[in-house]
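Undergrad: 3D, please:
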Amino acid sequence: MLVAVSVLCVGRLPPSVLATSGPPPVSLQPPSSTAGTQAPASSPASPVPSVPVSSPLPTSSRPAPLSLNGPDALAAYRSSWNPLTSGPDLMPQADTLPEGEFNVRFFMYGRFTQAQYSDSGGITGLPPGFSQTQLLDLFAMFYGLEQNTELVFLPSVVTTFSTEDGTSLNGAGLNDLTLGIKHRWIIQDPNTLRPSFATALLVTLPLTSWLGTPVPAGGLPPINVVPSTHFGTPSLTLVSMLRKNVRPLRLIGDLYYTFGFPGSLSATPGATPAYSQFGDLAQYRLGIEDVVDDKSGLGFILEIAGLSGLPFSVDGLAVNTHPTSFNLVGVQPTIEYNITPRLAASFGVLLPAFGNNEYLATTPNFSLWYYFQGGQKSLLPR
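TA: The predicted model follows:
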């Protein structure tokens, strides 16, 4: 094409221009290959250096990032390492049950009060004539509503053996009832550091007050229990949960914030009720689970549990209970093992580590967790 254009252009030039001296015309025909005549060798053209160009990989060869909680993220998670085990005793887990799957976890907590923390965190003996032991049986029930949403139902029975100022408070009955809903917003990615993230809204109904269960008015259940609410106080709790599996470990973290509605409580059975406004409660849990054997579910867990009574309430009303604030921190080693392919067990002891303005107590506990299979072909863990 270029040669043809050149010829046309030359043909259009005026004669005066063609007559001017210049380089000899270049033949457009290839040299003849006449025998005995050899065309002069033309000097080879200098090679043009290639410039490396970094081009992105084709789109088809790059794996697409997983959605936050869609079917692709769920499929990747369920195909990753995730053996069925009992899991932490002190905290729920961010990942949810498969749709239609139901399980029940039975907990037994025992709190043995041994001393009390001062305002500065020192440890002193119990007041004369004071003793308190509590047993709490909790039936934690969970149902997978859909792949990222779970219903929570937490009925429990509390038994109290307490003496204060010569007055005994002994007996058992239904504890305050907590129920709620949990939603997983992010499913952990097995190929990155992205963890699972879920939130929950829990409502606590004051059955101890309605039914007259013998518990210390305004007292607290063992620190192991979540959510922690004052006995006889209707409450709302917001929960944030994180969980990440990194074989052979699972890392767990939870945060709870509880608002207790103001109301009237009797300091002792039969006493005149008095207006009570408690400060809000903040709970935090950290745990690391080491699964030693996938098949048997044998593993060891280290958990840290904290509970703080705040000197304020989100409703802006002044706190009129004593103490206005407190802190408790405990550390628990736990061992877990699967008794059957569907029944997982765990045992641990929550040891006191630090506190102020509250009682010091040791809390042994164990749990049994049974999985009922849903509509899927095989039992799937969280």
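Undergrad: ramachandran angles for W210?
TA: phi -70, psi -40 (degrees, to the nearest 10).
Undergrad: distance check, it against G263.
TA: 12 Å (CB to CB, to the nearest Å). Glycine gets a C-beta too; all of them are placed from N, C-alpha and C.
Undergrad: how many neighbouring residues does L211 have?
TA: By other CB atoms under 10 Å, 12 other residues sit near L211.
Undergrad: let me fix that: S235
TA: 22.
Undergrad: who's more crowded, W210 and G263?
TA: For W210 versus G263, the count of surrounding residues by other CB under 10 Å is larger for G263: 18 against 12.
Undergrad: F231 is in contact with the more buried one, correct?
TA: No - G263 is not in contact with F231 according to CB atoms under 8 Å; the separation is 11.7 Å.
Undergrad: next, show the common contact partners of the two.
TA: 206, 209 (CB atoms under 8 Å, 6 or more residues apart in numbering).
Undergrad: ok, the residue most central in space within the chain - contacts?
TA: What sits nearest the mean C-alpha location of the chain, by CA atoms, centre = their mean, is L242, with 1.7 Å. L242 makes contact with 94, 195-197, 251-254, according to CB under 8 Å, 6+ apart.
Undergrad: state the pLDDT value of it.
TA: According to the prediction, L242 has pLDDT 96.
Undergrad: cool, S308 as well?
TA: 96.
Undergrad: for the record, mean pLDDT for stretch 163-172?
TA: The average pLDDT within stretch 163-172 is 83.
Undergrad: between the two ends of it, how far is it?
TA: Using CA to CA, to the nearest Å, one end of stretch 163-172 lies 15 Å from the other.
Undergrad: now the helix or strand hosting T133 - C-alpha only, PDB.
TA: Here T133 sits within strand 131-146, counting by DSSP states H and E. What follows is strand 131-146 as a C-alpha-only set of coordinates in PDB (Å, rounded to 0.1, in the frame of the first residue of the first chain):
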ATOM      1  CA  SER A 131     -21.700 -16.800 102.100                       C
ATOM      2  CA  GLN A 132     -23.000 -17.500  98.600                       C
ATOM      3  CA  THR A 133     -22.900 -20.400  96.200                       C
ATOM      4  CA  GLN A 134     -24.800 -20.600  92.900                       C
ATOM      5  CA  LEU A 135     -25.500 -23.400  90.400                       C
ATOM      6  CA  LEU A 136     -26.900 -22.500  87.000                       C
ATOM      7  CA  ASP A 137     -28.200 -24.900  84.500                       C
ATOM      8  CA  LEU A 138     -28.500 -23.400  81.000                       C
ATOM      9  CA  PHE A 139     -30.100 -24.900  77.900                       C
ATOM     10  CA  ALA A 140     -28.700 -23.000  75.000                       C
ATOM     11  CA  MET A 141     -30.800 -23.700  71.900                       C
ATOM     12  CA  PHE A 142     -30.000 -22.500  68.300                       C
ATOM     13  CA  TYR A 143     -31.900 -22.900  65.000                       C
ATOM     14  CA  GLY A 144     -30.600 -22.100  61.600                       C
ATOM     15  CA  LEU A 145     -33.300 -20.000  60.000                       C
ATOM     16  CA  GLU A 146     -31.400 -19.500  56.800                       C
END
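Undergrad: what comes up buried for that strand?
TA: The neighbour-count check on strand 131-146 (16 or more other CB atoms under 10 Å) flags 132, 134-136, 138, 140, 142-145 as buried.
Undergrad: you'd agree F326 is up against G306?
TA: No - using CB under 8 Å, F326 is not in contact with G306, being 11.4 Å away.
Undergrad: thinking again about what came up before, so how far is the strand holding T133 from its chain's centroid?
TA: Remark: strand 131-146 is offset 19 Å from the chain centroid, using CA atoms, centre = their mean, to the nearest Å.
Undergrad: now do the same contact list for L154.
TA: Shown in contact with L154 (CB under 8 Å, 6+ apart): 138-141, 177-179, 202.
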